[in-house]
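Undergrad: Below are the sequence and a predicted model; questions follow.
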Amino acid sequence: MPAWMSGDQGRYRPTPERPLRGKEARAMQPDAHFELHRHAWAQVAYCASGVIQVNVQDAPQGHEVTYRVPPSRAVWIAPGALHSVTVLELAELHTLYMDASVVPAGWQRSRAMAVSPLLRELLLALEHAEAGEREQRLAALALLEIADAQVQTLGVPLPRADGGDKRLRALCEAVIQSPAERGTLADWARAVGASERTAARLFRDELGTSYQHWRQQAVLAHALPLLARGTPVGQVAAACGYASESAFSAMFRAALGQSPSSFRARGA
């Protein structure tokens with residue numbers, strides 16, 4: 001466990017009497033990394049600025065999910081879930097701990113969600129709240145906002161590093177690191193020492209999806225933080241390997257039901 005987290009076990013630990021505890025914001029440098037760890041309570045990780053990557057091991061079939069989290073978005077991490085955090089861009093990281101007794105019904109796995117202006121202010125207020133009636137009222141309202149928050153398509157499933165096929169893990173990580181590369185499944189499979197048929201079977205057996213659908217999720221996970229920061233749609237399309245803005249926009253609209261320019265305007 002990172003040294004800066006050692007005090008969290010006591011000072012910020014939530015209880016049924018104080019179910020939401022806000023941890024003071026920290027400025028995190030790029031490439032800062034917090035190794036896999038878990039705790040008995042849930043956690044909301046939110047960036048006021050910058051981008052973080054959160055890997056969580058609580059998904060179906062035992063694989064991981066990786067989230068790239070821009071401002072105005074957050075990741076909710078379920079109690080007991082193994083997770084790690086990597087800072088991709090200079091980030092102002094805010095953390096909210098949630099006692100297991102107040103986790104919304106049916107929330108068994110982690111998720112990415114939108115952070116409304118009201119929820120953002122509540123997260124900030126809870127970081128400085130003292131025990132008492134005001135904190136209780138802030139917590140009650142924050143719980144309502146979290147339960148009603150819109151779920152976001154930011155998660156990309158990964159095979160478990162400690163039990164999945166290493167070739168599939170290497171393939172997935174290579175695609176995530178190079179989203180502009182438009183290689184076929186055969187190209188990526190060859191690079192990790194597998195056949196196209198084997199790679200297709202591994203995607204189906206270990207991740208429960210096809211390569212084409214998985215890659216679309218990876219592209220969206222790369223595109224959404226860029227759009228949320230106000231990057232022009234054409235630049236985002238190029239960064240995701242699309243030859244034209246229109247082709248990227250068609251994929252985006254089909255996947256998320258809105259245009260990238262609409263998402264960009266809301267995020268910015």
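TA: Yep, that arrived.

Undergrad: packing partners for the lowest-mean-pLDDT helix or strand in the chain?
TA: With mean pLDDT, DSSP states H and E as the measure, the helix or strand of the chain carrying the lowest mean pLDDT is helix 260-267 (a mean of 75). Other helices and strands packing on helix 260-267, by 3 or more Cβ pairs under 8 Å, 6 or more residues apart in numbering; DSSP states H and E, are helix 211-228, helix 233-239, helix 245-256. C-beta: built from backbone N, CA, C; applies to glycine.

Undergrad: Just say which of these is most tucked in.
TA: Neighbour counts (mean count of other Cβ atoms under 10 Å) averaged over each of these peak at helix 211-228, with a mean of 21.

Undergrad: Contacts for that one, please.
TA: With Cβ atoms under 8 Å, 6 or more residues apart in numbering as the test, helix 211-228 has contacts from 51, 66-73, 152-157, 172, 175-176, 179, 185, 199-200, 203, 207, 233, 235-236, 239-241, 248, 251-252, 255-256, 260, 263-264, 267-268.

Undergrad: Give the buried subset of the residues you listed as a PyMOL selection command.
TA: Burial among the contacts of helix 211-228 is assessed by 16 or more other Cβ atoms under 10 Å; the matching PyMOL selection reads:
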select buried, resi 51+66+67+68+69+70+71+72+73+152+154+155+156+157+172+175+176+179+185+199+200+203+207+233+236+239+240+241+248+251+252+256+260+263+264+267
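
Undergrad: what does the domain assignment say about this structure?
TA: Using automatic domain parsing, the domains assigned to the chain come out as 3-152, 161-267.

Undergrad: any idea how far the longest one is from the chain center?
TA: By that I understand domain 3-152. Put simply, domain 3-152 sits 11 Å off its chain's centre (Cα atoms, centre = their mean, to the nearest Å).

Undergrad: Then the shortest one?
TA: Domain 161-267 has its average C-alpha position 15 Å from the chain's average C-alpha position, going by Cα atoms, centre = their mean.

Undergrad: Tell me where this structure has strands.
TA: 20-28, 33-37, 42-57, 64-69, 73-77, 82-98, 111-114, 151-152, 155-158 (DSSP state E).

Undergrad: Packed most tightly, which of those strands would that be?
TA: Of all the strands of the chain, strand 73-77 has the most neighbours on average by mean count of other Cβ under 10 Å, namely a mean of 26.

Undergrad: what helices or strands is it leaning on?
TA: By 3+ Cβ pairs under 8 Å, 6+ apart, strand 73-77 packs against strand 42-57, strand 111-114, helix 211-228.

Undergrad: Identify the residues contacting the second one?
TA: Residues external to strand 111-114 that are found in contact with it (Cβ under 8 Å, 6+ apart): 67, 69, 72-76, 146, 149-155.

Undergrad: Swap in 10 Å and give it another go.
TA: Residues outside strand 111-114 that contact it (Cβ atoms under 10 Å, 6 or more residues apart in numbering) are 44-46, 54, 56, 65, 67-69, 72-78, 119, 145-155, 221, 224, 228, 266-267.

Undergrad: residue contacts, residue 135?
TA: 18, 19, 20, 21, 22, 125, 126, 128, 129.

Undergrad: My guess is the fourth one contacts residue 102. True?
TA: No: taking Cβ atoms under 10 Å as the contact criterion, residue 21 and residue 102 are not neighbours in contact, 11.5 Å apart.

Undergrad: intersection of neighbour lists for these two?
TA: Here residue 21 and residue 102 have 14, 41, 139 as joint contacts, going by Cβ under 10 Å, 6+ apart.

Undergrad: Grab the nearest non-local neighbour of the first one.
TA: Leaving aside its sequence neighbours, residue 14 sits nearest to residue 99 (Cβ to Cβ, 6 or more residues apart in numbering; 3.9 Å).

Undergrad: number of nearby residues for the one you found?
TA: 20 (other Cβ atoms under 10 Å).

Undergrad: Could you check how far it is from residue 187?
TA: Between residue 99 and residue 187 the distance is 48 Å, computed by Cβ to Cβ, to the nearest Å.

Undergrad: And for residue 48?
TA: 39 Å.

Undergrad: again, but for residue 112
TA: Using Cβ to Cβ, one gets 29 Å for the distance from residue 112 to residue 187.

Undergrad: Alright, I will stop here.
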